[in-house]
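Asker: Here is a sequence together with a model predicted from it:
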Amino acid sequence: MLAAGGEGNPLTVMDEVRWQVARLVGGAVIAGGLIAGSMLMGLAWIGRTMEQVRDALEGELAEAPAVHAEVPAKAGN
């Protein structure tokens with residue numbers, strides 16, 4: 001069997017096997033990268049959401065004692 005490039009360049013079975021293995025490995029690396037990247041993006045989104053929830057709860061907790069402390073003082077006056 002000759003390569004498509006022309007005469008005098010024989011394509012062996014081992015060359016074809018190497019090419020197919022390289023394609024498989026390359027495809028697996030690309031697919032793995034896409035999956036890992038998607039997972040990292042998801043984790044970043046979850047982390048950002050948890051930070052927003054934490055900040056919102058910190059704001060509510062910081063306001064809650066101040067509100068309760070002012071109510072009895074106003075009621076007593």
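Answerer: Structure's in. What do you need?
Asker: distance of Gly37 from Val21?
Answerer: Gly37 sits 24 Å away from Val21 when distances are taken as C-beta to C-beta, to the nearest Å. Placement of C-beta: from N, CA and C, glycine included.
Asker: which stretches of the chain have low pLDDT?
Answerer: Under the criterion pLDDT under 70, the flagged ranges of the chain are 1-9, 64-77.
Asker: Which helix or which strand is home to the residue most central in space within it?
Answerer: Compute the mean C-alpha point of the chain, and by C-alpha atoms, centre = their mean the closest residue is Leu40, 2.0 Å away. When elements are assigned from DSSP states H and E, Leu40 belongs to helix 13-76.
Asker: I'd like the distance from that helix to the chain centre, please.
Answerer: On the basis of C-alpha atoms, centre = their mean, to the nearest Å, helix 13-76 sits 7 Å off its chain's mean C-alpha point.
Asker: Give me the helices and strands touching it, please.
Answerer: With contacts defined as 3 or more C-beta pairs under 8 Å, 6 or more residues apart in numbering; DSSP states H and E, helix 13-76 has no helix or strand neighbours.
Asker: any idea how far Leu24 is from Val13?
Answerer: Distance from Leu24 to Val13, by C-beta to C-beta: 16 Å.
Asker: Over to Gly32?
Answerer: Counting by C-beta to C-beta, the gap from Gly32 to Val13 is 28 Å.
Asker: cool, Gln20 as well?
Answerer: As for Gln20, its distance to Val13 is 11 Å (criterion: C-beta to C-beta).
Asker: Next: Arg54.
Answerer: Remark: distance between Arg54 and Val13 (C-beta to C-beta) = 61 Å.
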